[in-house]
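Q: no sequence on this one, just coordinates:
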DNA sequence: CAGCCTTCGTGACAGTAATCACAGCTATCC
DNA sequence: GGATAGCTGTGATTACTGTCACGAAGGCTG
């Protein structure tokens, strides 16, 4: 696929280098791209699809941090890559996903030689840091009802759809809550005329 | 003061540059170093003392993110600096504090020219990102009692003391909880023989 | 010493969310 | 069509936390 349209900001020599050295790879929906504690060998750029980045704790609980979309990159994989650390996060393909994997050992040179790459990396750091901060905001200051509204809004923006094909259980998992709580809150939102509930689908107004 | 000992990893030409261009500044305990929404003009390196970085919400709630110690730098100020964004966090001197302020406009060149600076910045990003992640872990997965234990442990490590001079109210603020809750939990911990309570002081065992 | 402020202890109550229990409903697969 | 599995709705109960109320104790100041 023609990935240059997805990263139009990259300068031609950088594109050439990536073309030569990077590996393109496909993941099916549900595939695990990176798991907690795994050693990182590549920086991941998303070309197509959607990747869910989440935190996992020992007793099976999970917690959504953010989604990665085409044109975005995994900040963790960059930072870890540069320092050869392991990842502290899980990454799973939410849809069928295409990524470009750039070997770690190229990172240093790329940072030095290609201004557009350097800017992209800095940009990525900041964006992820901000998203992480807004996650903290939400769990620290908001109740589940507000967090749920925020989640649905974000999900709709990310997928570009008003009809969200997602089950209550999945939402509960992402918010580290339980299905019953989410069902009840959704019901209340339906009564407030913010949305309409269907099977396996939530229609936002 | 001789700050070179605090950043021994910097290469000599970088030290010269900083010596020439950076401004050293003192803050008294309690001074606000950076406030939410403020435009950032300098990157802050901590020489002495301790800076508390926290998030503030509209109704006066606050939430501790992390502390900065001598030898550390504010990742936010770096990212924001490079991109001329505003800060989303508050920074307050917890003790009398000395910092070095490096004007924003030098950042790009420093990143390109000084390997040790580049590494320091990357290192800082990663460290702050990780700390932020552990904050998320705590509020997402842990109850107040565990969060309190974690807080006390971290506080003790950061100050290097077993006798923490801090009031229940201050702890409650940092954890975005209330004084009564903290008092009760501390009492329980005292009964479990983990610590001893005094006025304005908590003695860890 | 008397007044005052801050800190701390504790009981009572309320609201949020997690958990358990169970029932109905839809879709799919033999 | 009947069995089965997954999704949804709802009540009852419980645990945790935040809020209100009030009192006691320590320390500071005039």
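A: Perfect, thanks for sending it. Model, not experiment: these values are computed from the prediction.
Q: got a list of what residue A:43 touches?
A: Shown in contact with residue A:43 (C-beta atoms under 8 Å, 6 or more residues apart in numbering or on different chains): A:73-74, A:77-78, A:81, A:101-102, A:104, A:107. In this view, the C-beta of every residue, glycine as well, is placed from N, C-alpha and C.
Q: what score does it have for pLDDT?
A: Here the pLDDT value assigned to residue A:43 is 90.
Q: again, but for residue A:74
A: pLDDT at residue A:74 comes out at 86.
Q: surely it touches residue A:91?
A: Yes. In this structure residue A:74 lies within contact range of residue A:91 using C-beta atoms under 8 Å: 6.7 Å.
Q: now for those two: what residues contact both?
A: Between them, residue A:74 and residue A:91 have A:34, A:44, A:51, A:53, A:68 as joint contacts when contacts are counted by C-beta under 8 Å, 6+ apart.
Q: which one of the residues you listed sits closest to residue A:121?
A: Here the nearest of the shared contacts of residue A:74 and residue A:91 to residue A:121, counting by C-beta to C-beta, is residue A:44; it sits at 12.8 Å.
Q: which bits of chain A sit near chain B?
A: For chain A, the residues found near chain B under the criterion C-beta under 8 Å from any C-beta of the partner chain are A:55, A:57, A:61, A:63, A:65, A:75-76, A:79-80, A:82-83, A:85, A:88-89, A:111-112, A:118, A:122-123, A:125-126, A:128-130, A:132-133, A:135-137, A:139-141, A:176.
Q: so which of the shared contacts of residue A:74 and residue A:91 is the most crowded?
A: Going through these with other C-beta atoms under 10 Å in any protein chain shown as the criterion, the one with the most neighbours is residue A:68, at 27 neighbours.
Q: skip the chain neighbours and tell me the closest residue to that residue.
A: Nearest non-adjacent residue to residue A:68, counting by C-beta to C-beta, 6 or more residues apart in numbering or on different chains: residue A:51, 4.2 Å away.
Q: in the sheet, who's paired with that neighbour?
A: Partner residues in beta bridges with residue A:51, using DSSP bridges, are residue A:68, residue A:93.
Q: so who does it touch?
A: Neighbouring residues of residue A:51 by C-beta under 8 Å, 6+ apart: A:33, A:44, A:67-68, A:74, A:91-94, A:97, A:99.
Q: ok, and of those, which contact DNA strand C?
A: Under the cut-off given by C-beta under 7 Å from any atom of the strand, DNA strand C has nothing from the contacts of residue A:51 close to it.
Q: from the residues you listed, which is closest to residue B:29?
A: Nearest to residue B:29 among those is residue A:74, at 39.4 Å by C-beta to C-beta.
Q: give me the number of residues near that closest one?
A: So residue A:74, with other C-beta under 10 Å, has 26 neighbours.
Q: what of residue A:100?
A: Counted with other C-beta under 10 Å, the neighbours of residue A:100 add up to 21.
Q: element containing it?
A: Counting by DSSP states H and E, the element that carries residue A:100 is strand A:97-103.
Q: near DNA strand C, which residues of chain A?
A: When proximity is defined by C-beta under 7 Å from any atom of the strand, chain A lies next to DNA strand C at A:143-145, A:176-178, A:180-181, A:185, A:199.
Q: least confident secondary structure element in chain A?
A: Counting by mean pLDDT, DSSP states H and E, chain A has its least confident helix or strand at helix A:75-83, which shows a mean of 70.
Q: run through the strands of chain A in chain order.
A: With DSSP state E, the ranges of strands along chain A come out as A:23-27, A:32-34, A:42-48, A:51-56, A:62-68, A:90-93, A:97-103, A:163-164, A:195-198, A:201-204.
Q: that older thread, what pLDDT, on average, does the strand holding residue A:100 get?
A: Per-residue pLDDT values across strand A:97-103 average out to 92.
Q: that strand pairs with which strands?
A: The strands beside strand A:97-103 in its sheet (DSSP bridges) come out as strand A:23-27 (antiparallel), strand A:42-48 (antiparallel).
Q: could you single out the most deeply buried of the ones you listed?
A: For the strands paired with strand A:97-103, the stretch with the most neighbours on average is strand A:42-48, a mean of 22; neighbours defined as mean count of other C-beta atoms under 10 Å in any protein chain shown.
Q: got the angle for it vs strand A:62-68?
A: With axes from the mean of the first three to the mean of the last three C-alpha atoms, to 10 degrees as the basis, strand A:42-48 and strand A:62-68 are set at 70 degrees to each other.
Q: quick one: which of the contacts of residue A:43 is nearest DNA strand D?
A: Out of the contacts of residue A:43, the one with the shortest distance to DNA strand D is residue A:74. That distance is 27.5 Å, counting by C-beta to the nearest atom of the strand.
Q: can you tell me how far that closest one is from chain B?
A: Computed with C-beta to the nearest C-beta, to the nearest Å, the distance linking residue A:74 and chain B is 12 Å.
Q: which residue packs closest to that residue, ignoring adjacent ones?
A: The spatial neighbour of residue A:74 that comes closest, neighbours along the chain excluded (C-beta to C-beta, 6+ apart), is residue A:44 at 4.6 Å.
Q: gap between the most centrally placed residue in chain A and residue A:96?
A: The C-alpha lying nearest the average C-alpha coordinate of chain A belongs to residue A:67 (C-alpha atoms, centre = their mean; 2.1 Å). Between residue A:67 and residue A:96 the distance, using C-beta to C-beta, to the nearest Å, works out to 15 Å.
Q: having no further points to raise, I will conclude here.
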